[in-house]
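Enquirer: A predicted structure for the sequence below; I have some questions about it.
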Amino acid sequence: MDTLYIECNMGAAGDMLMAALLELFEDKEMCIQKLNALQIPNVQYAYEKSVKCGITGTHMSVKINGQEEHSHDHHEHAHSHEHTHEHGEHAYSHEHAHEHGTHGHSHHHASMDDVCHIIHHLNVSEDVKKDAIAIYQLIAQAEGHVHDKPVDEIHFHEVGTMDAVADVVGVCYLLHELGIENIVTSPIHVGSGQVHCAHGILPVPAPATAYLLQDIPMYSSDVKGELCTPTGAAILKYFTKTFGNMPVMKVSKIGYGMGKKDFKAANCVRVMCGSMI
């Protein structure tokens, strides 16, 4: 059985997980071509080499209509409980806003049904579609719980929705291509401190992330900022069979998915693929 160990010493975000998985493929460019062939509306995947603390890895970006609308780096965002823009690396519910204010585009929103419609019409297997929708449902359930609203009343910002769909579908697609049967994830570093919002200050981990990480080993440290996003938490919650230390295994491939911000510790998600002994 192929086993994937995901090391979350600096948290997890959708783009970092996708970048780490991409590193496990011999031909990254071919993988990117296949991801772009999924035909997510107005979305273009791209990757670049990134170095953190002397370690070379991969940084992923998603362009919407030819532009990388928002930074994917999960350490540079905050939360709001009024209207919309970015939450973590992406936009989520109607009740969250980007730390840096609006970006000048109109406020179009997508419901959970809209997200399901988008995913159902992608050029990808039914198994990938099923997994991607299930992960999005986890996110919507977390947002609904935090804001005391039914899932069908949770709305996502249009641009951020495509961004997040790209990450979620990308991770699901790459995992299926790798044929991974068993995923073990380390305890998740969530960061510490608070995030500044348009209408106040929230603790780290943010409420939706904390909800998703219930019953999952997590920890804080003196690293200030949001290290784990709702997308990262939902992906790990859905796919992980076991949370804990690295099992005894023979590792055949290693991947590093990088964030953008620099810390004293390498800002990355590391994945190790091999066989358990």
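Expert: All right, it came through fine. Residues are numbered from 1 along each chain as shown.

Enquirer: Show me where this structure dips below the pLDDT cut-off.
Expert: The chain contains residues with pLDDT under 70 at 1, 69-108, 157-160, 197-199.

Enquirer: In three-state terms, label Gly57 for me.
Expert: Here Gly57 takes the strand state, with states given by DSSP: H, G, I helix; E, B strand; the rest coil.

Enquirer: How about the contacts made by it?
Expert: Gly57 sits next to Ala19, Ala20, Glu23, Lys49, Ser50, Val51, Gly255, Tyr256, Gly257, Met258, Cys268 when contact means Cβ atoms under 8 Å, 6 or more residues apart in numbering. Quick note: C-beta positions are derived from backbone N, CA and C, even for glycine.

Enquirer: run the last query once more with 10 Å
Expert: Neighbour list for Gly57: 16, 19-20, 22-23, 49-51, 254-259, 266-270 [criterion: Cβ atoms under 10 Å, 6 or more residues apart in numbering].

Enquirer: Sort out for me which of the residues you listed are in strands.
Expert: The strands, defined by DSSP state E, take in Lys49, Ser50, Val51, Ile254, Gly255, Tyr256, Gly257, Met258, Cys268, Val269, Arg270 from the contacts of Gly57.

Enquirer: wait, which of those is closest to Leu213?
Expert: Closest approach to Leu213 among the ones in strands among the contacts of Gly57 (Cβ to Cβ): Val269, at 15.5 Å.

Enquirer: Give the buried residues for stretch 134-152.
Expert: Using 16 or more other Cβ atoms under 10 Å as the test for burial, stretch 134-152 gives 135-144, 146-147, 149, 151.

Enquirer: Could you find the closest non-adjacent residue to the residue most central in space within the chain?
Expert: By Cα atoms, centre = their mean, the chain has its centre lying nearest to Gly14, at 1.7 Å. Leaving out its chain neighbours, the residue that sits closest to Gly14 by Cβ to Cβ, 6 or more residues apart in numbering is Asp167, at 3.1 Å.

Enquirer: Now do the contacts for the one you found.
Expert: 13-19, 45, 60, 62, 72, 89-90, 132, 135, 229, 231-232, 235.

Enquirer: how does it look with 6 Å?
Expert: With contacts defined as Cβ atoms under 6 Å, 6 or more residues apart in numbering, Asp167 is in contact with Gly14, Asp15, Met18, Thr231.

Enquirer: tell me the two of those residues that are most distant?
Expert: Largest separation among those by Cβ to Cβ: Met18 and Thr231, giving 10.0 Å.

Enquirer: Of the two, which one has the most company?
Expert: Ranked by neighbour count (other Cβ atoms under 10 Å), Met18 and Thr231 place Thr231 first, with 33 against 29.

Enquirer: which SSE is that one in?
Expert: Element membership for Thr231, per DSSP states H and E: helix 230-239.

Enquirer: just Thr161 next, same as before
Expert: Since the elements are taken from DSSP H and E, Thr161 ends up inside helix 158-178.

Enquirer: quick one: the helices in the stretch 101-250 of the chain?
Expert: For the stretch 101-250 of the chain, the helices defined by DSSP state H, counting those that start in this stretch occupy 112-120, 126-147, 158-178, 207-212, 230-239.

Enquirer: Pipe these into CSV and attach distance to Val248 per row.
Expert: Listed next are these as CSV, based on distance: least, Cβ to Cβ, whole Å:
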stretch, distance to Val248
helix 112-120, 37
helix 126-147, 28
helix 158-178, 21
helix 207-212, 29
helix 230-239, 21
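
Enquirer: Let me know which of those is the nearest to Ile40.
Expert: Closest approach to Ile40 among the helices of the stretch 101-250 of the chain (Cβ to Cβ): helix 158-178, 5.5 Å.

Enquirer: and Leu4, how many residues sit next to it?
Expert: Neighbourhood size, Leu4 [other Cβ under 10 Å]: 25.

Enquirer: ok, now how distant is it from Ala210?
Expert: Distance, Leu4 to Ala210, using Cβ to Cβ, to the nearest Å: 25 Å.

Enquirer: beta partners for the residue lying closest to Thr161 once chain neighbours are set aside?
Expert: Nearest in space to Thr161, with sequence neighbours left out and distances taken as Cβ to Cβ, 6+ apart, is Ala110 at 4.7 Å. Per DSSP bridges, the residues bridged to Ala110 are Phe156.
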